[in-house]
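> Sequence first, then the predicted structure, then my questions.
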Amino acid sequence: AWAAGGMALCNVRLGAWHRAIERAETGLGHLQGKDDAIGRARCYVAIALARLQLEEYQLAFNAAEYAASFIRDARPTNYAALECYAWVAELYLALWQRSLSSSDAARQDVLPPLRDESKQLLTSKQLQTRAHTAYKALDKYAHVFPIGQPSAILLQGTYAWLNGRQADAFAAWEECIAVATTLEMPYEMGCAHRQLALYLPATDPHRAYHHERAEAIFATLNVVHDLPHTKN
């Protein structure tokens, strides 16, 4: 079960979305009748991120809710749960950002609203609350396991950005680069460079540098990313 879940997580980063879902569902099948909350959370969070990339937003949300339910109240005791905490927070942040975009009437048909388990429409505020709760859980994990620190700082920056605190966001992403460098965690380092490349003003002279660093890191790791193909 853990092997299938681990392969699902790897497939997400490699951009093999359908394979990730297949592997994760296999892992969940092996976990039937077993008391393994982290094993289930790993599988569900892989499904959630894969569904998000496939733009299957309701299914992504549903899977994230399952993943979050397994880690919400538990004290972090397993270092292998990093993606469980980080990706749940990342997904809620992405859906919150999507909900802010869908407030534009011209995009409502393209971005249909999400519903919770009781079929009630989810508001941006509710998604923000979920993102904040998931971030706090990730921060708790990071206080126990230092490998969670880069992700916590990275997503702290994203949360700040969505709250309109641009300076705080830029500072957090710069800090993430420093911490990830110290801990030798290149993926998170690349993600922080990516955020700065995406969100620094087009006139900022450092934007191209962050773009180049993110591209180089992701190419070395052979993982997918959402950087634009051209630099502004």
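Arrived safely.
> Spatially central residue for this protein, please.
In the chain, the centroid-proximal residue (Cα atoms, centre = their mean) is E90; its distance is 2.6 Å.
> so what's that residue closest to, chain neighbours aside?
Spatial nearest neighbour of E90, excluding adjacent residues (Cβ to Cβ, 6 or more residues apart in numbering): L155 at 6.2 Å. All C-beta atoms are positioned from the backbone trio N, CA, C, and that covers glycine.
> Now do the same contact list for that neighbour.
86, 89-90, 93, 135, 138 (Cβ atoms under 8 Å, 6 or more residues apart in numbering).
> So the residue lying farthest from the centre of the chain versus L14, what's the distance?
When each C-alpha in the chain is compared with the mean C-alpha position (Cα atoms, centre = their mean), G33 comes out farthest, at 28.4 Å. As judged by Cβ to Cβ, to the nearest Å, G33 and L14 stand 30 Å apart.
> One more: I153?
On the measure of Cβ to Cβ, I153 and L14 end up 25 Å apart.
> what about these two, which has more around it?
Neighbours per residue (other Cβ atoms under 10 Å) separate I153 from L14, with I153 holding more: 23 against 14.
> Tell me who's in contact with the more buried one.
Shown in contact with I153 (Cβ under 8 Å, 6+ apart): 172-173, 175-176, 179, 192.
> after the helix or strand harbouring the residue nearest to E90, next one along is what?
Under the criterion of DSSP states H and E, L155 resides in helix 149-162. Going down the chain from helix 149-162, the next helix or strand is helix 166-183, by DSSP H and E.
> returning to what we had before: do you know the pLDDT at the residue nearest to E90?
Reading off the confidence values, L155 has pLDDT 98.
> burial of H225, as a residue count?
18.
> E22: which of the contacts of I153 is nearest?
A192 (30.7 Å; Cβ to Cβ).
> Now do the contacts for that closest one.
150, 153-154, 157, 173-174, 176-177, 180.
> could you redo the last one with a cut-off of 6 Å?
154, 173, 176-177 (Cβ atoms under 6 Å, 6 or more residues apart in numbering).
> How much space separates it from R98?
From A192 to R98 the distance is 21 Å (Cβ to Cβ).
> Could you list the low-confidence segments of the chain?
Low-confidence segments of the chain, defined by pLDDT under 70: 102-111, 226-232.
> try it again with 80
Flagging of the chain using pLDDT under 80 yields the residue ranges 1, 73-74, 101-112, 224-232.
> could you show me where the helices are in it, in order?
Secondary structure of the chain by DSSP state H: the helices cover 2-14, 17-30, 37-53, 57-71, 82-102, 124-144, 149-162, 166-183, 186-199, 207-221.
> TSV for the ones you listed, including distance to P113?
Output for the helices of the chain, formatted as TSV (distance: least, Cβ to Cβ, whole Å):
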stretch	distance to P113
helix 2-14	25
helix 17-30	23
helix 37-53	16
helix 57-71	9
helix 82-102	7
helix 124-144	10
helix 149-162	18
helix 166-183	26
helix 186-199	25
helix 207-221	32
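> now for these, which one comes closest to E117?
Nearest of these (Cβ to Cβ): helix 57-71, 6.8 Å.
> Buried residues in the closest one, which are they?
57, 59-68, 70-71 (16 or more other Cβ atoms under 10 Å).
> Over to stretch 181-193?
185-186, 188-193.
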